[in-house]
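# Just the structure for this:
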Amino acid sequence: MSRLPTGNDAQWLGMPLRLTGGYIALFLFMAGDGFELAFLSKYIVSLGFSPASASLVIAVYGLVAALAAWGTGVVAEILTPQKTMKIGLGLWLIFHVLFLWLGLHQANYPLMIFCYAIRGIAYPLFCYGFLMMIIHQVKKEQVAAASGWFWAAYSLGIGVIGSALPGLMIPWIGEFKMLWVSLLFVALGGGVALVTLRNVTTPESLAGRSHKERLRELPMALTLLSRNRNIALSFVVRIINQLAVFGFSVVMPFQFVRVGFTLSQWLQTWAVFFASTIVFNIFWGVLAERLGLLRIIRWFGCVGCAVACLAFYHVPLAMGPNMLAAVGCALALGFFMSAFVPMTALFPALEPHHKGAAISVYNLAAGLSNFVGPAIATLALPGLGVQGVVYIYSALYLGGAVLTLFIGRQLERVAQIRRVTQR
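Residues are numbered from 1 along each chain as shown. Next up, the predicted model:
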């Protein structure tokens, strides 16, 4: 079995210890990036815009982020993950300031959409640039566990701190100043990444390739969906993966307030959801190597989320502003949502000779989930209401479970090849 490029295999519960600083940086960056997630739509409405207009701002952001994420895997292989993360950091800091000052402060809707959309290019470059670093720096059999830690740090930042801290600070400083606090977190996270990851070596698989050879990988990110049927099916399932995360952040603040919760209580409930995924991401990442990637994705991810989405809507509606019941629903959603973690290992396993392109497609799907979730809410809210949006999400999760049945044969062939190679 081949060793890591640096010869350092130290890890703890699947986390590569020499990338610890990167996980910390990711947590800080995503905390700053996620502060507005649970209240931005409501804040835009408070400026005089309609809920549909607020949803459109977030949907456009998600679309741009998806397109940026599409190329991140290949860009990271061309420029190296470190340089990709630096570009993402710079873009985020610049356009976040412009979004606040020219967009929100001036209540200028066109500039609001434009600046927030351009900022959407930044977070995939930083976030998924680090994911590419992980893919190249750990052994194949450790990718699921290492990516579990990636998503744990992601959730700790964007969900736990990103929701809990605004819930505590907004009553004192207000939404707008809270958005300035996010600038400090992102800058700190970027600084940690620049310091701790500067000596991470370029993998041998990239170091021995010229820029011209790396550029040849770029078209693969565009054609892989049409060439690899199993990648295409996995792509759809990955979009479905986080529909509830990005969709619920748009529709549930209104729903929770309508049944009697305060905004602070909603933010605390949403923080519990993300907090639970910290543990569950690691849990499913480690367990996936034993039980099988697709089995976990199908039954616990897809089917589990279909049920949890319905519970997240109906239980608070039936029981009113009962925090214990709301927290229970949040924990259930976090448990099942985390079961999609093995998808990070699934994509490169299905296209082992073009990992950068495979991760680019994975990133595109993740970004499209950011767009499709709010887009469904924008289109369905006027006619179907929150209940209709929730039922659409639940149906799509069940559809994802069906799609996984058609991916299994190819994955089993890949597993057989691995077993033969390791003998």
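
# what about stretch 287-295, how long is it end to end?
By C-alpha to C-alpha, to the nearest Å, the extent of stretch 287-295 from end to end equals 11 Å.

# Check the average confidence over it, would you?
Stretch 287-295 carries an average pLDDT of 83.

# Give me the packing partners of the helix or strand where residue 403 lies, helices and strands only.
Assessed by DSSP states H and E, residue 403 sits inside helix 355-404. Judged by 3 or more C-beta pairs under 8 Å, 6 or more residues apart in numbering; DSSP states H and E, the packing partners of helix 355-404 are helix 51-79, helix 109-137, helix 218-227, helix 229-241, helix 243-258, helix 304-319, helix 343-350. For every residue, glycine as well, the C-beta is placed using N, CA and C.

# Give me the distance between the spatially closest residue to residue 355 that is not a sequence neighbour and residue 387.
Among residues not flanking residue 355 along the chain, residue 348 sits closest, at 4.5 Å (C-beta to C-beta, 6 or more residues apart in numbering). Distance, residue 348 to residue 387, by C-beta to C-beta, to the nearest Å: 39 Å.

# So for the two, which sits in the more crowded spot?
Each of residue 348 and residue 387 has its neighbours counted (other C-beta atoms under 10 Å); residue 348 has more, 20 against 15.

# Was I right to think the more buried one contacts residue 143?
Yes. In this structure, residue 348 is within contact of residue 143 by C-beta atoms under 8 Å, at 6.8 Å.

# Now list whatever residues contact both of those two.
residue 135 (C-beta atoms under 8 Å, 6 or more residues apart in numbering).

# how near is the closest residue to residue 124 other than its chain neighbours to residue 75?
Spatially, and ignoring its direct neighbours in sequence, residue 124 is nearest to residue 69 (3.8 Å; C-beta to C-beta, 6+ apart). Note on residue 69: its distance to residue 75, by C-beta to C-beta, is 10 Å.

# Ok, residue 42 next?
Taken as C-beta to C-beta, the span from residue 42 to residue 75 is 34 Å.

# ok, now residue 353?
Computed as C-beta to C-beta, the residue 353 to residue 75 distance reads 19 Å.

# Could you do residue 31 as well?
With C-beta to C-beta as the criterion, residue 31 and residue 75 are 24 Å apart.

# next one: residue 291
Taking C-beta to C-beta, one finds residue 291 at 34 Å from residue 75.

# Tell me which of the two has more neighbours.
Using other C-beta under 10 Å as the criterion, residue 291 and residue 75 rank with residue 75 on top: 27 against 13.
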